[in-house]
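A.B. asks: Just a sequence and a predicted model for now, questions to come.
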Amino acid sequence: NSGDNMCAITYNQDFSALDNIQNYTFQFWVYVGNQSNGGWQFIGGKSAFWGNMTGGIFVNSDGVNWGFHTGANGNTYVDIPPNGWHNVCGVRNVSDSGGQSRRLYVDGSLAASDNLNTGTDGDLNNDYAISILCHGSGLTGAGYPIGRGWGFGHCLYYSDALTASEVLSNYNVHKAFYGL
């Protein structure tokens, strides 16, 4: 139950195109309502939050940073930008030649990267709902909803790792829609 906060899940549906994959991308347009959110919140992905074979974008426990987790590891995070529309994107690419298998982009630019969780526990392979502004707890529940004042626009889920130029292209294609 998300209480008074809005969130969306693919209720009782598992998207099999996002199962049994090593490389994937989540790219979301979100309206940031504030930079002090009081604790853990989930922006979107295919996850019950911090389980093996899951992934998603979250607000950190400090409430002022957001990041990208794969499996049970979410050490890649940066400051949440000022209020307004922003594009946040997490890319997992275990074949990355630069040794940075996880990348977090904000507004089309690389904000953080690391080489953590390259094993199978970071693959996507679960029976959780696809979610936005909360996480899917199984196929029918929701948890860690985002706070009031946040919103979402385009939500893109890929069963492949986007390149930096593809992330930037998606940002540039949609930014005028959000008044940027």
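C.D. replies: Yep, it's here.

A.B. asks: which element is residue 168 on?
C.D. replies: helix 164-174 (DSSP states H and E).

A.B. asks: neighbouring contacts of that helix?
C.D. replies: Counting by C-beta atoms under 8 Å, 6 or more residues apart in numbering, the neighbours of helix 164-174 from elsewhere in the structure are 25, 27, 29, 87, 89, 91, 103, 105, 107-110, 153-154, 156, 162. Placement of C-beta: from N, CA and C, glycine included.

A.B. asks: buried stuff in the helix or strand containing residue 86?
C.D. replies: Secondary structure assigned from DSSP H and E places residue 86 in strand 84-92. Using 16 or more other C-beta atoms under 10 Å as the burial criterion, the residues of strand 84-92 that qualify are 85, 86, 87, 88, 89, 90, 91, 92.

A.B. asks: three-state assignment of the most centrally placed residue in the chain?
C.D. replies: Within the chain, one residue has its C-alpha closest to the average C-alpha position: by C-alpha atoms, centre = their mean, that is residue 57, at 2.6 Å. Residue 57 carries the three-state label strand when classified by DSSP: H, G, I helix; E, B strand; the rest coil.

A.B. asks: That one pairs with what?
C.D. replies: For residue 57, the beta-bridge partners are residue 44, residue 68 (DSSP bridges).

A.B. asks: No more questions from me, cheers.
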